[in-house]
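Student: What follows is a predicted structure for the sequence shown.
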Amino acid sequence: MDIASRPSTPIENPETADAAVPPQAPAVIRREEYQPPEWLVPEIALDFALDLDSTKVTATLVVRQNPEGSGGQTLRLNGDGLAARTVTVDGQAANDWRMDGQDLLIELTGQNHTVEIETVINPAGNSQLMGLYASNGMLCTQCEAEGFRRITFFPDRPDVLSTYSVRMAGDKARFPVLLSNGNCTAQGENADGTHWAEWHDPWPKPCYLFALVAGELIANHDSFTTAGGRKVDLNIWVRPGDEDRTQHAMDSLIASMKWDEEAFGREYDLDLFNVVAVSDFNMGAMENKGLNVFNTRYVLADPQTATDADYDAVEGVIGHEYFHNWSGNRITCRDWFQLSLKEGFTVLRDQMFSADMGSAAVKRIEDVRVLRSAQFPEDSGPLAHPIRPDSYQEISNFYTSTVYNKGAEVIRMMRSMAGVEAFRKGTDLYFARHDGEAATCEDFVVAIEDGAGLDLRQFRQWYSQAGTPQVKVRLDHEGDVATLHLSQVVPATPGQPVKQPMPIPLRLALFDRDTGQHRGEELIVLDAEQASFAFSGFTRIPVLSINRGFTAPVAITSDVPTADLVFLAANDDDPFARYEAMQSLIVQHLVAAVGGGILCDAERQAGRDAIGRALAAVIDDSALDDLMRGELMILPSEAYLSEQLKVADPGAIHAEREGLKAWLGRELKDRLTALHDRVSALPYGRGADARGARKLKTQALVYLAAGAPEEAASRAAAQYAAADNMTDRQGALMVLCGLDTPARDDALADFRQRYDGNALVIDKWFSLQAGSLHPKVLEHVRALADSPDFTLTNPNRVRALYMSCAVNPKAFHALNQEGENGEGYRTIADLILALDPINAQTAARFVAPLGRWRRIEPKRSALMRAELERVAKAPKLSRDTLEQVTKSLG
Ligand code: PHE
Ligand code: ZN
């Protein structure tokens with residue numbers, strides 16, 4: 001083949017190539033401006049000559065003019081920091097190509113060509129962890145959303161689907177295992193110590209699903225036979241030494257494959273499914289076709305090193321990535337505005353899976369807790385966006401709780417309205433109709449309408465309007481009729497000052513006060529600004545239980561009497577509603593206590609007494625299982641409490657919540673002590689009882705530590721010392737970390753030394769200290785940042801230290817420093833500035849906490865804003881961080 005090298009070729013090193021591009025205002029990409037691609041790439045062959053700091057990539061693209069395009073002859077191939085060594089068209093050195101910024105353009109005639117391009121990239125120098133990069137001596141890729149353009153020039157957009165053939169060759173000792181998508185079709189060795197492998201993926205896919213892994217890996221191997229009789233080889237690949245911690249991931253994978261057949265009728269479609277764990281990863285995991293790449297934290301688990309929550313996370317993420325094989329891969333997204341098409345739906349699927357694997361009630365409560373503490377604040381802040389955004393500057397910034405978690409809630413609402421069976425008809429139709437396509441959210445909605453028989457015309461508002469709807473609820477009673485009055489307001493969000501009413505499905509029950517019973521649930525839909533619903537046959541006003549199961553992702557305000565909340569907290573037969581009543585009881589009290597400080601001592605005492613009685617009833621209720629009891633005992637987070645207030649004073653919220661916790665710890669001391677003793681007697685097991693016991697063990701300690709720190713410190717130290725599993729050990733250490741006691745230092749030192757060399761557990765060591773209630777928490781954060789174990793190049797370590805700090809009000813809002821001097825804000829801003837050049841994607845995620853400034857009391861607000869302005873003034877910011885900072889200030 002004829003090879004032409006261009007003398008004018010600019011820069012070889014992708015990192016320095018970035019710097020050569022002059023700074024300019026980032027372009028805004030708009031959903032409405034979607035245009036089909038001019039050229040398709042039905043086939044691509046990739047050849048990799050692997051090397052840690054200089055990998056040669058030869059890409060051969062079979063291109064065909066798109067009949068649905070506008071007939072343009074220019075082939076635009078996206079690049080990011082690439083330089084073409086050679087470009088040939090149909091075997092001839094091409095002269096008709098040029099660079100347009102980072103992209104390579106080729107003028108073509110006719111409709112079919114073969115284009116070959118050679119690039120050289122430096123994986124070891126790739127600290128952004130997008131494209132091909134090195135992690136612990138191994139090579140791996142991350143291409144979603146726009147990483148493939150850092151490997152080779154290509155139309156890097158999800159609506160260009162190609163069949164991939166991959167060949168890779170490299171040093172056999174350094175890269176003994178060579179993996180890519182699909183099936184391995186050939187492999188061999190060369191005399192010079194290198195070896196090679198060829199892979200072929202029969203399923204056409206967008207380039208964001210391409211993956212390659214090369215390194216020293218060892219597999220936990222198993223197999224699964226699909227309902228249709230296909231035997232699938234399963235491998236979980238990890239670094240040698242980690243293989244003993246892969247069984248839970250394997251069990252979860254097999255359970256996922258079986259569950260998707262039963263719950264959604266989806267079968268796996270290749271003979272091989274590989275999962276690889278890497279320790280340097282920007283996100284949780286990636287659903288590359290047949291070759292999922294995972295952050296180690298969502299693969300490795302054993303009782304000694306993983307908590308029960310870690311086990312659940314592994315199961316959930318393994319399921320999530322596996323489910324993407326249909327919701328994401330077989331049907332992908334037309335463009336990145338449709339991200340929630342695959343992510344919202346897949347989150348719903350993983351939530352349903354986890355609910356079926358364990359306690360559905362507890363899973364629902366956990367999912368709502370995540371939504372309220374992460375997505376609600378996003379929806380009420382400067383970065384609010386609809387689940388299908390209208391514009392972006394950097395798509396990486398839109399992998400958000402809104403797109404993922406609210407996206408799942410929106411589809412869940414369709415399921416609630418349709419009913420389980422009709423919804424399944426809708427998803428069956430969606431999979432049948434769009435298999436092999438790059439689809440849109442609209443396609444999904446139409447398929448659900450057609451298949452499930454729903455009219456979703458107004459419901460589409462959930463895709464286009466941002467903001468959490470606020471629903472006001474009032475129940476009145478006359479004669480034997482109870483009337484429910486509902487009204488809704490969808491708050492203004494950036495770019496969306498005026499909103500239309502949304503259809504809000506609410507499942508409700510009305511309880512008879514005397515019998516404690518209700519006569520069945522009803523699902524009503526509030527689809528106007530206001531509506532009333534009458535229910536007859538009530539001689540007394542009933543107790544209202546509304547939004548049961550959290551059918552709609554809305555915020556409900558009502559002036560329910562405390563007595564009704566106490567009634568529901570003790571009697572509601574819907575576990576979520578029972579949890580909700582308990583939360584509302586506490587939220588109402590704390591909001592009244594901090595919202596202007598209008599509570600007199602007697603009122604504060606009355607509020608605490610009601611909560612104390614309700615909590616005591618929860619501890620005493622023998623009909624409750626311990627996992628659920630643990631949920632009912634959790635206090636609402638400070639983030640969720642702040643959400644209830646237009647302008648929050650984090651200091652007041654913290655003090656009032658800690659005050660309540662301490663009061664409860666003292667008031668219920670005997671009960672909590674007895675509880676801690678009871679659950680401590682249970683041996684370790686993976687069953688619900690033992691897990692429930694472990695959850696309560698630490699819950700009880702948390703209250704006791706707030707109430708009587710000294711006594712609790714020895715109890716926690718004893719729990720730490722006696723622990724035969726990470727859940728108990730981490731729980732005890734968490735409590736100790738918040739106390740000013742010598743036992744704290746002893747336990748931290750023991751922990752550090754005991755788990756030396758286990759990066760994921762050392763992450764916990766960082767995270768527990770940065771997330772603690774200790775008065776000197778910020779001092780600890782600074783010391784940890786200077787410790788030899790800390791590095792800005794590993795996202796897990798960065799998050800362990802700094803995200804724990806940013807979401808810890810005690811640290812972030814510097815609640816213990818003499819005067820609130822903004823030290824926490826400065827710490828996070830400094831981190832953003834230091835991390836941005838190394839890993840922009842991860843850096844940009846730290847902007848949101850500072851972006852809350854408008855909702856914070858004036859003194860802190862000014863300090864937060866000043867830090868954002870300081871970041872904005874930095875001479876060179878990534879597009880990722882610049883977009884978030886600009887929007888947060890705007
Ligand atoms: N698509 C991945 C998931 O949700 C998330 C991801 C996005 C991973 C971007 C890496 C990069 O499963
Ligand atoms: Zn996903």
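Tutor: Received it, and whenever you're ready, just let me know what you need. Ligands and ions are numbered 1, 2, ... in the order given.
Student: Quick check: residues of the stretch 251-400 of the chain near ligand 2?
Tutor: Selection of the stretch 251-400 of the chain residues close to ligand 2 by CB under 5 Å from the ion yields Glu343, Thr346. From N, CA and C alone the C-beta is placed, and that goes for glycine too.
Student: which residues does the residue in the stretch 251-400 of the chain that ligand 1 sits nearest to contact?
Tutor: Proximity of the stretch 251-400 of the chain to ligand 1 (CB to the nearest ligand atom) peaks at Met283, 3.6 Å away. Neighbouring residues of Met283 by CB atoms under 8 Å, 6 or more residues apart in numbering: Asn295, Tyr399.
Student: Report the mean per-residue pLDDT for stretch 365-375.
Tutor: Here stretch 365-375 scores 97 as its mean pLDDT.
Student: So the residue of the stretch 251-400 of the chain closest to ligand 1: helix, strand or coil?
Tutor: For Met283, the secondary-structure state derived from DSSP: H, G, I helix; E, B strand; the rest coil is coil.
Student: same thing with Phe444?
Tutor: helix.
Student: which residue is nearest the centroid of the protein?
Tutor: Ser401 (6.2 Å; CA atoms, centre = their mean).
Student: Please tell me how far that one sits from Ala374.
Tutor: Per CB to CB, to the nearest Å, Ser401 is found 4 Å from Ala374.
Student: how much space between Asn794 and Gln699?
Tutor: From Asn794 to Gln699 the distance is 31 Å (CB to CB).
Student: So between the two, which is more surrounded?
Tutor: More crowded of Asn794 and Gln699, by other CB atoms under 10 Å: Gln699, with 24 against 20.
Student: Please list all residues in contact with that one.
Tutor: Listed by CB under 8 Å, 6+ apart, the contact partners of Gln699 are Gly630, Met633, Ile634.
Student: ok, back up a step: from what I can see the residue nearest to the centre of the chain touches Ser373, true?
Tutor: No - using CB atoms under 8 Å, Ser401 is not in contact with Ser373; the gap is 9.2 Å.
Student: export stretch 84-103 as PDB, just CAs?
Tutor: Provided in PDB are the C-alpha atoms of stretch 84-103 (Å, rounded to 0.1, in the frame of the first residue of the first chain):
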ATOM      1  CA  ALA A  84      -2.000  11.900  10.700                       C
ATOM      2  CA  ARG A  85       1.300  10.200   9.700                       C
ATOM      3  CA  THR A  86      -0.200   9.000   6.500                       C
ATOM      4  CA  VAL A  87      -3.500   9.300   4.700                       C
ATOM      5  CA  THR A  88      -4.400   7.100   1.700                       C
ATOM      6  CA  VAL A  89      -7.600   6.900  -0.200                       C
ATOM      7  CA  ASP A  90      -8.300   3.700  -2.200                       C
ATOM      8  CA  GLY A  91      -4.600   2.700  -1.800                       C
ATOM      9  CA  GLN A  92      -3.200   6.000  -3.100                       C
ATOM     10  CA  ALA A  93      -1.500   8.700  -1.100                       C
ATOM     11  CA  ALA A  94      -4.100  11.300  -0.600                       C
ATOM     12  CA  ASN A  95      -3.400  14.900  -1.400                       C
ATOM     13  CA  ASP A  96      -6.900  16.200  -0.900                       C
ATOM     14  CA  TRP A  97      -7.000  16.400   2.900                       C
ATOM     15  CA  ARG A  98      -6.600  19.200   5.400                       C
ATOM     16  CA  MET A  99      -7.000  19.900   9.000                       C
ATOM     17  CA  ASP A 100      -9.900  21.900  10.300                       C
ATOM     18  CA  GLY A 101      -8.900  22.600  14.000                       C
ATOM     19  CA  GLN A 102      -8.600  19.100  15.400                       C
ATOM     20  CA  ASP A 103     -10.500  17.400  12.600                       C
END
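Student: List the buried residues for it?
Tutor: Residues of stretch 84-103 classed as buried by neighbour count (16 or more other CB atoms under 10 Å): Ala84, Arg85, Thr86, Val87, Thr88, Val89, Ala94, Trp97, Met99, Gln102, Asp103.
Student: got a markdown table for those residues, with distance to ligand 2 too?
Tutor: Shown next, in a markdown table, are these (distance: CB to the ion, whole Å):
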| residue | distance to ligand 2 |
| --- | --- |
| Ala84 | 32 |
| Arg85 | 35 |
| Thr86 | 36 |
| Val87 | 35 |
| Thr88 | 37 |
| Val89 | 37 |
| Ala94 | 38 |
| Trp97 | 36 |
| Met99 | 33 |
| Gln102 | 27 |
| Asp103 | 27 |
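Student: The residues you listed also near ligand 1: which ones?
Tutor: Among the buried residues of stretch 84-103, not one lies near ligand 1 by CB under 6 Å from any ligand atom.
Student: Check those against Glu710 and report the nearest one.
Tutor: Nearest to Glu710 among these: Gln102, at 61.2 Å, using CB to CB.
Student: mind listing what the closest one touches?
Tutor: Neighbouring residues of Gln102 by CB under 8 Å, 6+ apart: Val21, Asn78, Gly79, Asp80, Gly81, Leu82, Arg149.
Student: And for Tyr463?
Tutor: Neighbouring residues of Tyr463 by CB under 8 Å, 6+ apart: Ser340, Pro386, Ile387, Arg388, Val410, Cys441, Val445.
Student: Please tell me how far it sits from ligand 2.
Tutor: To ligand 2, Tyr463 is 18 Å away according to CB to the ion, to the nearest Å.
Student: neighbours around the closest residue to that residue other than its chain neighbours, how many?
Tutor: In this structure, Tyr463 finds its nearest non-sequential neighbour in Arg388, 4.6 Å apart by CB to CB, 6 or more residues apart in numbering. As a burial measure, Arg388 scores 24 neighbours (other CB under 10 Å).
Student: which phi and psi does Arg388 have?
Tutor: Note on Arg388: its backbone torsions stand at phi -120, psi 90 [degrees, to the nearest 10].
Student: Could you report the neighbour count for Thr109?
Tutor: When neighbours are defined as other CB under 10 Å, Thr109 has 8 of them.
Student: Per-residue confidence, it, what does it come out as?
Tutor: With respect to pLDDT, Thr109 has a value of 95.
Student: mind listing what it touches?
Tutor: Gln73.
Student: cool, and Thr886?
Tutor: Applying CB under 8 Å, 6+ apart, we find Thr886 in contact with Ala872.
Student: what about it, which SS state?
Tutor: Under three-state DSSP, the three-state class of Thr886 is helix.
Student: how close does it sit to ligand 2?
Tutor: Look at Thr886 and ligand 2: by CB to the ion, they are 27 Å apart.
Student: Any stretches of the stretch 701-850 of the chain with poor pLDDT?
Tutor: 816-820 (pLDDT under 70).
Student: got the contact list for the strand or helix carrying Arg613?
Tutor: Here Arg613 is covered by helix 601-620, with elements defined by DSSP states H and E. Here helix 601-620 makes contact (CB under 8 Å, 6+ apart) with 562, 565-566, 569-570, 582, 585-586, 588-589, 592-593, 599, 624, 629, 632-633, 660, 663-664, 667-668, 671-672, 675.
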